[in-house]
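Enquirer: sequence and predicted structure are below.
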Amino acid sequence: MSSVQDTKVDITSLNLEDHVNGTFLVCLNFNIPHDKQADAAQFQNLLSDISNFLQFNFLPDNQVTFQVTAAYYLKNRNNNEERLWVGSFFPGNRISLSGTYFQIFNPHTFPQKIRQSTEQERVLQHLAWNNLTTEWDFLSIASFIVNCQVAVEDNHGFLADHDLLTSRNRRHRRHVTLQHPW
């Protein structure tokens, strides 16, 4: 079983019934372990790999959007219990490191936006829950997650190549995990 320490992409496809031509939403969660992000050369290589993967599979015919979230450890200040949290940085407001909304993927600006979103100062700013009543404090980052979404038609090669076609029932979805290099 893969973990937050693995360099991977988790891919899920969902059938969007309200669209006419069998449109699927493809959600890609690229997991970048903190130690890979902390090494500038490794991080740049991973960002290039993610960008190339998205360009090769979806551009120019589809619009890809993305946001940056994370898996991180919290520590309870009352009993020292530690907990792994995956997702937004302020669950009540669903704020990610890259902002409130998904951004449009542009291969020319993508690496810079991801680097800015994962800077230590920004992470600490988003995790300082100063206005919340909670006994949980930020402890450390486990991994950064670049969450991408793209809508594709049911005949898109990516769906077939990765066995992501689902039934017409909205409750059914397909999921695959690809280890790096993908």
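Expert: On my side now, so go ahead.

Enquirer: the helix or strand of the chain with the lowest mean pLDDT packs against which elements?
Expert: Of the helices and strands making up the chain, the lowest-confidence element is helix 120-127, at a mean of 84, by mean pLDDT, DSSP states H and E. Secondary-structure packing of helix 120-127 (3 or more C-beta pairs under 8 Å, 6 or more residues apart in numbering; DSSP states H and E): strand 136-153. To be clear about C-beta, it is placed using only N, CA and C from the backbone, and glycine gets the same treatment.

Enquirer: show me what counts as buried in whatever helix or strand comes next after the strand it packs on.
Expert: Going down the chain from strand 136-153, the next helix or strand is helix 157-161, by DSSP states H and E. Residues of helix 157-161 classed as buried: F158, L159 (neighbour count, 16 or more other C-beta atoms under 10 Å).

Enquirer: list the contacts of helix 157-161.
Expert: Contacts with helix 157-161, where a contact means C-beta atoms under 8 Å, 6 or more residues apart in numbering, come from S13, F24, V26, N57, F58, V152, L164, L165.

Enquirer: in strands only, show me those residues.
Expert: S13, F24, V26, V152 (DSSP state E).

Enquirer: could I get the residues you listed as JSON lines with pLDDT and distance to T69?
Expert: As requested, the ones in strands among the contacts of helix 157-161 are exported to JSON lines (pLDDT from 0 to 100; distance: C-beta to C-beta, whole Å):
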{"residue": "S13", "pLDDT": "94", "distance to T69": "20"}
{"residue": "F24", "pLDDT": "92", "distance to T69": "22"}
{"residue": "V26", "pLDDT": "96", "distance to T69": "17"}
{"residue": "V152", "pLDDT": "96", "distance to T69": "22"}
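
Enquirer: tell me the one among the residues you listed nearest to A70.
Expert: V26 (21.2 Å; C-beta to C-beta).

Enquirer: what's the most distant pair in the contacts of helix 157-161?
Expert: F58 and L165 (16.4 Å).

Enquirer: these two - which one has more neighbours?
Expert: F58 (20 against 15; other C-beta atoms under 10 Å).

Enquirer: the more buried one touches Q149, doesn't it?
Expert: No - using C-beta atoms under 8 Å, F58 is not in contact with Q149; the gap is 10.4 Å.

Enquirer: check contacts around the spatially most central residue of the chain.
Expert: Nearest residue to the geometric centre of the chain (C-alpha atoms, centre = their mean): N147, 2.4 Å. Contacts for N147 were tallied using C-beta under 8 Å, 6+ apart; they are C27, L28, N29, F30, F66, Q67, V68, T69, S96, F102.
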